[in-house]
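Peer 1: sequence first, predicted model second:
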Amino acid sequence: MPKPRRCSFCGHEFNQGTGIMYVNNDGTILWFCSSKCRKNFLVLGRDPRKLKWTAFYGQEERAGRERASASRT
């Protein structure tokens, strides 16, 4: 059974055997589900937390709201 991989840019899962593996000069491995994600991250240098179509969108705000609601109770 192949393990699902998680895209380094958008955070979505995809099956092993698909996608793109990119290795940086320092040895870190980045997995991308599509060329759209690869280009947004490597070529355009975009932040996935600022794009609505990624799973990481608004992650900081959601974490802040959860901490605030936990401290109130």
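Peer 2: That came in fine, so what should we check first?
Peer 1: so who does residue 54 touch?
Peer 2: Counting by Cβ atoms under 8 Å, 6 or more residues apart in numbering, residue 54 touches 9-11, 48. Every C-beta, even on glycine, is put in place using the N, C-alpha and C of the backbone.
Peer 1: and which of those residues is nearest residue 55?
Peer 2: Among those, residue 11 lies closest to residue 55 (Cβ to Cβ), at 3.2 Å.
Peer 1: is it true that the closest one touches residue 55?
Peer 2: Yes. In this structure residue 11 lies within contact range of residue 55 using Cβ atoms under 8 Å: 3.2 Å.
Peer 1: okay if I get the contacts of residue 54 as a markdown table plus neighbour count?
Peer 2: Formatted as a markdown table, those follow (neighbours: other Cβ atoms under 10 Å):
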| residue | neighbour count |
| --- | --- |
| 9 | 24 |
| 10 | 21 |
| 11 | 15 |
| 48 | 19 |
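Peer 1: let me know the secondary structure of the closest residue to residue 46 other than its chain neighbours.
Peer 2: Ranked by Cβ to Cβ, 6 or more residues apart in numbering and with sequence neighbours excluded, the top spatial neighbour of residue 46 is residue 40, at 4.6 Å. Secondary structure assignment for residue 40 (DSSP: H, G, I helix; E, B strand; the rest coil): helix.
Peer 1: dump the contacts of residue 54 to a markdown table, plus pLDDT and distance to residue 3.
Peer 2: A markdown table is the format used below for the contacts of residue 54 (pLDDT from 0 to 100; distance: Cβ to Cβ, whole Å):
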| residue | pLDDT | distance to residue 3 |
| --- | --- | --- |
| 9 | 91 | 19 |
| 10 | 90 | 18 |
| 11 | 88 | 16 |
| 48 | 88 | 22 |
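Peer 1: how about the residues you listed in a markdown table, adding secondary structure and distance to residue 21?
Peer 2: Shown next, in a markdown table, are the contacts of residue 54 (DSSP: H, G, I helix; E, B strand; the rest coil; distance: Cβ to Cβ, whole Å):
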| residue | secondary structure | distance to residue 21 |
| --- | --- | --- |
| 9 | coil | 13 |
| 10 | coil | 16 |
| 11 | coil | 17 |
| 48 | helix | 18 |
